[in-house]
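Asker: Predicted model and sequence below, questions to follow.
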Amino acid sequence: MPEPEAKRFQVIVNGRSFYFSEDDLAKADIVHHNHHSYHIIQGHESIAVHCRDVMGKQLQLEADGEKYAVTIKTGLDQMLDTMGFNNVSTRQAKDIKAPMPGLVLDISVKEGDEVQEGQRVLILEAMKMENSIVMHSHGVIKKVLVQKDQAVEKNQVLVELE
């Protein structure tokens, strides 16, 4: 599997992975036909695609009578996969752990806060980059175990969830 890159997309179709760069996508001949229908021309082949369902970066497509489950992952999504953030077991976890060593720049929650999926919990600086650590499911903050300006190690528990 190629290394995740910021400008490289991973497209998973019925469990098989394909990788496309922004240049690849710019070269594709895709015509928006109507609300959920597209016409794609690749080489000398023409495909009519109808989008049946869209949920975030997951799509249900139909082309030539066949149905396809499609997931689109950006470079960031691929990096989160590599760090283990998108594993089902991580989504059910009772702790939020540091994905890498770093410095806590900001904490956005406190004990007792009810948080939603995608909500930022804290900002961790690592390798001179600010990384937002976000919730992967709905939950309640049980205890914040770190403080602003604290150095943390990889896999250190940052926040406990109820």
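Answerer: Yes, it's here. Residues are numbered from 1 along each chain as shown.
Asker: what about the host helix or strand of F18, distance to the chain center?
Answerer: According to DSSP states H and E, F18 maps onto strand 16-21. Its chain's C-alpha centre and that of strand 16-21 lie 15 Å apart, by C-alpha atoms, centre = their mean, to the nearest Å.
Asker: pLDDT averaged over that strand - what is it?
Answerer: Strand 16-21 shows a mean pLDDT of 87.
Asker: Show me what the following helix or strand past it is in contact with.
Answerer: Next in sequence after strand 16-21, counting helices and strands by DSSP H and E, comes helix 22-27. Contacts with helix 22-27, where a contact means C-beta atoms under 8 Å, 6 or more residues apart in numbering, come from 7, 9. (C-beta placed from N, C-alpha, C; glycine too.)
Asker: next one: helix 22-27 to chain centre, how far?
Answerer: Relative to its chain's centre, helix 22-27 lies at 21 Å (C-alpha atoms, centre = their mean).
Asker: mind listing what's buried in that helix?
Answerer: Across helix 22-27, burial judged by 16 or more other C-beta atoms under 10 Å covers no residue at all.
Asker: What is the next helix or strand after that helix packed up against?
Answerer: Note on helix 22-27: by DSSP H and E, the next helix or strand toward the C-terminus is strand 29-34. On a contact count with 3 or more C-beta pairs under 8 Å, 6 or more residues apart in numbering; DSSP states H and E, strand 29-34 meets strand 37-42.
Asker: dump the residue contacts of the nearest residue to H32 once chain neighbours are set aside.
Answerer: Nearest residue to H32 in three dimensions, chain neighbours excluded: Y38, at 5.8 Å (C-beta to C-beta, 6 or more residues apart in numbering). By C-beta under 8 Å, 6+ apart, the contact list for Y38 reads 30-32, 48-51.
Asker: what's the helix or strand where E125 lies in contact with?
Answerer: Using DSSP H and E, E125 maps to strand 120-126. Contacts with strand 120-126, where a contact means C-beta under 8 Å, 6+ apart, come from 96, 98-109, 115, 130-135, 141, 146, 152, 158-159.
Asker: quick one: buried residues of it?
Answerer: 121-124.
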